[in-house]
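# quick check, what structure comes out for this input:
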Amino acid sequence: MADAFVSFAVQKLGDFLIQEINLRLSLREDMQWLRNELLFMQSFLKDAELKQCGDHRVQQWVFEINSVANDAVAILETYSFETSKRASRLKACACICRKQKKFHNVAEEIQSLKQRVMDISRKRDTYGITNINSNAGEGPSNQVRTLRRTTSYIDDDHIFVGFQDVVHTLLSELLKAEPRRRVLSVYGMGGLGKTTLARKLYTSPNIASSFLTRAWICVSQEYNTMDLLKTIIKSIQGCAKETLDLLEKMAEIDLENHLRKLLTERKYLVVVDDVWQREAWESLKRAFPDSKNGSRVIITTRKEDVAERADDRGFVHKLRFLTQGESWDLFCRKLLDVRAMVPEMESLAKDMVEKCRGLPLAIVVLSGLLSHKKGLDEWQKVKDHLWKNIIEDKSIEISNILSLSYNDLSTPLKQCFLYFGIFPEDQVLEADNIIRLWMAEGFIPRGEERMEDVAEGFLNQLIRRSLVQVTKTFWEKVTECRVHDLLHDLAIQKALEVNFFDVYDPRSHSISSLCIRHTIHSQRERYLSLDLSNLKLRSIMFFDPDFCKMCLINSSSVFQHLYVLYLEMRVDDRYFVFVPDAIGSLYHLKFLRLGGIHDLPSSIGNLKNLQTLVVNEGRHNCVLPPETADLINLRYLDALYSPPLKRLSKLTSLHVFKGIGCNQWEDIDPVDLVNLRELSMRYINIYYSLSKIRRLKNLSTLRLFCDERIVTDLYRFPSLNFLNCCEKLQKLWLKGKIEILPDLFPNSITMMVLWRSQLTKDPMPILGMLPNLRDLILQEAYNGKEIMCSDNSFRQLEFLHLYHLWNLERWHLATSAMPLIKGLAIDRCPKLKEIPERMKDVEEKLNVVDLHKHMGGFIF
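I've put the predicted structure just below:
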């Protein structure tokens, strides 16, 4: 783990020595010495990391190197920050030498680091750490880059090898015509798939249509009943200021009564996930009324007594282990290349799978690990390692498999995996959010490929290793993911061992001063009362939707080293958070996510290193100052903003631009946005031309939305003929009325959504000629009675979605049309009595997509 930090520090020191030509000779020599020593130490870290699991002294040695590297970077960043505020760099250096209060004494601090490094060097010999690292500074492997391009995500059903009957049984119990409120309890050991099973039930279309009120809470071992009650209430009522203020004033009995009243007239489904004690359920169940309307509660637990006693007349299901045949089937499904498994390897694998004793999580992680081991010898080493930790006729401890898989990761992948532990348990995470946090933290090496592509490759590899679970995909990309709670525990454990991050514990009212990343899941006010003055924090992340104070930013001396500031706060049009001018002093900030913001101060323009700016999750309007256009390193902007931003010619690094209005687009020269890959535009109407979009030479994803909040014929698309000039466009989403579909689209398009287009002419003859179209969604797109797919049309189409085509009666499909079709979803096409015979085999292979969930923040 420390290898990445040391690499970063070495790079920073090298850059600093090149840029700062006016340094005193003695200071330059000290910095050069420090850089060389860190570079030398880096070569010993591979051996140290292998040994630290069994030797806490070695673990401490690794941490000390890590600490020195971080402190070196902090010194340089403070120096750079202070000198940037002075017109003359020479004058700033002189100020440092005179030890003015506003400057760190760089020379003294570097001398202190030298002493620490010499002490570390002595300990290396004492602990017997040798130089075995031949891959220092390794970058992304070819395999990772290949995975990014070839990953095809395995359907959730594959996790339920042998469990299909369980899904059907539980669905029938949930939908049974019994008016009494019933509790369905699913129990079994960790790793059997209880939460995944519950989530599959929760998201089932039949369940969603039957239970209009649904809520999900994760209890875990340490729970707070008031917080759980608040979570359910907010999921039902929303997070308006009035609701949040009311909840803050309520005692536990008041919350219980309030929730009970909310649910009394509703048919509801609540999932209470990961219950460890009977008392947890007892403290909640009074809030779930029995209105004799068929309401249901699902409980998942590892404890049999919790399940058995949840409801005297409820339904209890013990989740079984997989049979030997099912285990082998699951293992092979998750293996990257089954064909490469020769008989000797198959024999080894069967032995290891058998020792997993039918535990799905153990099987899929083992399969992911072996997928990245080449040849019989490598598989034998895995088996030998696992066999050391088991007794005859006993199963492999799942913790051993998880740890072995973690230890097999490269240093950058270890960092990326550990980062999942920062988030609250059982939280579903946006893939884009994770990727951009990794970039801001410096986990993604720079090279010829875009950092976003390399980071996506890293995520795909963690998925392939079954260390990360996919919860949602769209347009062949992972959009949401999560980690199993056992893997979440592993990430926290490993992170604490190397001081990677620390989670604030409000019970002890303490957090490690040795960690450069702090995460706060609750009671943020108590955290802010800690003495943080001597810390050099790199990241601070608040996961508290009720958090609405930004006074912490005024303590700029505490947070001046921040790379990541993540504030998950309430987002409501009637309540806004004040952002102080001091935010502009966080010069090193690379990732900034804010919620509940009405406007940002002009000082935001000082954040020249900012890569990601997300305001209100792109869901509510905000005011961005003109200085936003000075963020020259900005790569990702997601904000519904006003007024128009001028001088966008500086944003040459921008890759993703979400939230711009059609009227604001008029003032932009697209030629300046040379790196823009994704554009999402709103408030389109007939009077604004979109033709300038054709000048975005690298555009690959385009989302265009008409404003449907105002019911008028003005809000429809102007001419779309410009689209044919977008030569690199691959993904196109058009929401709004289209008078005439263009005759020509770029041949590069692979995926398309037409939503509420209200076309009167059959679009299939035009769309069917696109040579690379693989995924097509038509929702309220066509008002006609028939569609015609002629011979040789849709040559590459794999997935077709037909939704809400209310007048469609007939579908003509030529024999040679759609030869590669794999999945078909049809929903609410009431007059379509029959589908082509050839389509009947693929109709059930594609789930209905909820387009509202993929709107990219837009809510109209």
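
# confidence score at residue 747?
Per-residue confidence at residue 747 stands at 95 (pLDDT).

# that one: what secondary structure?
Reducing the assignment at residue 747 to three states with DSSP: H, G, I helix; E, B strand; the rest coil gives coil.

# who's in contact with it?
By Cβ atoms under 8 Å, 6 or more residues apart in numbering, residue 747 lies in contact with 770-772. The way it works is simple: take the backbone N, C-alpha and C, and place the C-beta from them, glycine included.

# how about 10 Å then?
With contact taken as Cβ atoms under 10 Å, 6 or more residues apart in numbering, residue 747 is in contact with 724, 727, 729, 769-773.

# residue 795 versus residue 245, what's the distance?
58 Å (Cβ to Cβ, to the nearest Å).

# do residue 506 as well
Plainly put, residue 506 is 60 Å away from residue 795 if you go by Cβ to Cβ.

# with residue 308 instead?
Counting by Cβ to Cβ, the separation of residue 308 from residue 795 is 57 Å.

# over to residue 249?
With distances taken as Cβ to Cβ, residue 249 is found 63 Å from residue 795.

# the two: who's more crowded?
Taking residue 249 and residue 795 together and counting by other Cβ atoms under 10 Å, residue 795 has the greater number of neighbours (16 against 7).

# check contacts around the more buried one.
With contact set as Cβ under 10 Å, 6+ apart, residue 795 has these partners: 768-773, 816-820.

# closest to residue 235 among those?
Of all the contacts of residue 795, residue 235 sits closest to residue 773, with 37.9 Å by Cβ to Cβ.

# quick one, what contacts that closest one?
For residue 773, the contacting residues are 732, 745, 747, 749-752, 767, 793-798, 800, taking Cβ under 10 Å, 6+ apart as the criterion.

# where does the stretch 51-200 of the chain dip in pLDDT?
Counting by pLDDT under 70, the stretch 51-200 of the chain contains low-confidence ranges at 51-60, 63, 78, 80-105, 127, 130-162.

# so where do the helices sit in it?
Using DSSP state H, counting those that start in this stretch, the helices assigned to the stretch 51-200 of the chain run over residues 56-84, 89-97, 106-126, 142-150, 164-175, 194-202.

# touching, residue 254 and residue 229? I think so.
Yes. With contact defined as Cβ atoms under 10 Å, residue 254 counts as touching residue 229 (9.4 Å).

# list residues touching both of these two?
Taking Cβ under 10 Å, 6+ apart as the contact criterion, the common neighbours of residue 254 and residue 229 are residue 247.

# so between those two, which is more surrounded?
Under the criterion of other Cβ under 10 Å, the comparison of residue 254 against residue 229 puts residue 229 first, with 24 against 14.

# may I have the phi/psi pair for the more buried one?
For residue 229, the backbone dihedrals are phi -60, psi -40 (criterion: degrees, to the nearest 10).

# the nearest residue to it once chain neighbours are set aside: neighbour count?
In space, not counting the residues next to it along the chain, residue 229 is nearest to residue 255; the distance is 4.1 Å by Cβ to Cβ, 6 or more residues apart in numbering. Residue 255 has 21 neighbouring residues, counting by other Cβ under 10 Å.

# quick check, residue 255 in a strand?
No. The assignment for residue 255, made by three-state DSSP, is helix rather than a strand.

# distance of it from residue 279?
Taking Cβ to Cβ as the measure, residue 255 and residue 279 are separated by 17 Å.
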